[in-house]
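Chemist: Got a sequence here, can you model it:
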Amino acid sequence: MGDGHRIYVEQCGRPDGVPVIVLHGGPGGGCSPTMRRYFDPSFYRTVLFDQRGCGRSRPHACVEANTTWHLVRDIEAIRDALDIGSWIIFGGSWGATLALLYAQAHPERATKLVLRGVFLMTGAELDWFYGGGAGHFWPELWERFVNPIPERERGDLIAAYGRRLFSGDLALETRYARTWAMWENTLASIGNGGRGGESPAEFSRAFARLENHYFSNAGFLEETDQIIRRIDRIAHIPGIIVQGRYDMICPPTSAHRLHRAWPRSDLKIIDGAGHALSEPGISAELVRVMDGCRRNPTAGSR
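Modeler: Here you go, the predicted structure:
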């Protein structure tokens, strides 16, 4: 990809099938084999890739030449290399953010957007998750997240963690990365009861550093509330939004705002579900949506 980055890309399904690009969350989450399960391989040509700095892409946990706009260009480079004219864009959480920004930058390349757990990259959303909002519901986990930071630095936890995640001390970075990742991963599923084990060190370090890098820079967006302000660019594109009712990481208010602003969107609120792609209700709905796209490729209009 240039800039010293190499990214991992895979294709599966039918070589001449309807193309879909899958955008993982984080930033820094990487793809997994389970992300293939939403696409009938006899119908879809599914493209997955690990975004810069994470998963099987290299250099690992690297934030240099790693911004939203680098990722948008990477998606276009993949599309061009695979000789795909346009495709369905499928993304959740940060992947939903990236899907919307890519579609707004290249509306002619998007036939439909399928989004899960909407995150609009606004200050209010970051304040909710890193400023104590979600902590009101999970006080014991919030305490575990906050306690490693001295009291004088707790007014801006993103910045405080950033100083440690980019300290240059690998052991220190890994320790704080695991705490950062645990806070998010534990809250992702509604049924875990607060039981969140530590993620592997390599995953945690990439996940935490990339998230912190992007969040510290407000997603590298060019204006406040950019996705909603530029919704006219994708007003003609159909979209389906699948949102957990009890999503603690990306509360439903963002999905609702997006749906109200986007004329051709359809919002599906899943009761009894949180944030994770693996939530049974969310997985079932996404399978239903992608199977429905086979029968009605323009579905999503109000």
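
Chemist: Give me the buried stretch members for stretch 16-31, please.
Modeler: Taking 16 or more other Cβ atoms under 10 Å as the neighbour-count basis, stretch 16-31 is seen to contain the buried residues 17-31. No exception for glycine: its C-beta is placed from N, CA and C like everyone else's.

Chemist: Kindly report the same for stretch 203-218.
Modeler: For stretch 203-218, a neighbour-count test (16+ other Cβ under 10 Å) marks 203-216, 218 as buried.

Chemist: Sort out which one of the buried residues of stretch 16-31 lies nearest residue 82 for me.
Modeler: Checking the buried residues of stretch 16-31 against residue 82 by Cβ to Cβ gives residue 19 as the nearest, at 7.8 Å.

Chemist: Strands along the stretch 101-250 of the chain, start to end?
Modeler: With DSSP state E, counting those that start in this stretch, the ranges of strands along the stretch 101-250 of the chain come out as 110-116, 239-244.

Chemist: Quick check: the residue nearest in space to the middle of the chain vs residue 169, distance?
Modeler: Taking Cα atoms, centre = their mean, the centroid of the chain lies closest to residue 94, which sits 2.1 Å from it. Distance from residue 94 to residue 169, counting by Cβ to Cβ, to the nearest Å: 27 Å.

Chemist: secondary structure class for the closest residue in space to residue 47 that isn't next to it in sequence?
Modeler: Closest residue to residue 47 in three dimensions, ignoring its sequence neighbours and counting by Cβ to Cβ, 6 or more residues apart in numbering: residue 21, at 5.0 Å. Following DSSP: H, G, I helix; E, B strand; the rest coil, we place residue 21 in the strand state.

Chemist: Could I get the pLDDT score of residue 21?
Modeler: On pLDDT, residue 21 comes in at 98.

Chemist: didn't it look like it was pressed against residue 89?
Modeler: Yes. A contact is recorded between residue 21 and residue 89 when judged using Cβ atoms under 8 Å, the distance being 5.6 Å.

Chemist: Output the lowest mean pLDDT helix or strand found in the protein.
Modeler: The helix or strand of the chain with the lowest confidence, counting by mean pLDDT, DSSP states H and E, is helix 280-295 at a mean of 94.

Chemist: for it, which positions count as buried?
Modeler: Of the residues in helix 280-295, 281, 282, 283, 285, 286, 289, 290, 293 count as buried by neighbour count, 16+ other Cβ under 10 Å.

Chemist: would a markdown table of those with distance to residue 80 be doable?
Modeler: Output for those, formatted as a markdown table (distance: Cβ to Cβ, whole Å):
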| residue | distance to residue 80 |
| --- | --- |
| 281 | 37 |
| 282 | 32 |
| 283 | 31 |
| 285 | 32 |
| 286 | 27 |
| 289 | 27 |
| 290 | 24 |
| 293 | 24 |
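
Chemist: out of those residues, who's nearest residue 57?
Modeler: Using Cβ to Cβ, the shortest approach to residue 57 within the buried residues of helix 280-295 belongs to residue 286, at 24.5 Å.

Chemist: so what's the residue nearest to residue 47 up against?
Modeler: Under the criterion of Cβ atoms under 8 Å, 6 or more residues apart in numbering, the contact list for residue 21 reads 47, 75, 78, 79, 87, 88, 89, 90.

Chemist: From residue 6, how far off is the nearest residue to the fifth one once chain neighbours are set aside?
Modeler: Once its chain neighbours are removed from consideration, residue 87 has its nearest residue in residue 19; the separation is 3.9 Å (Cβ to Cβ, 6+ apart). From residue 19 over to residue 6 the distance is 22 Å, taken as Cβ to Cβ.
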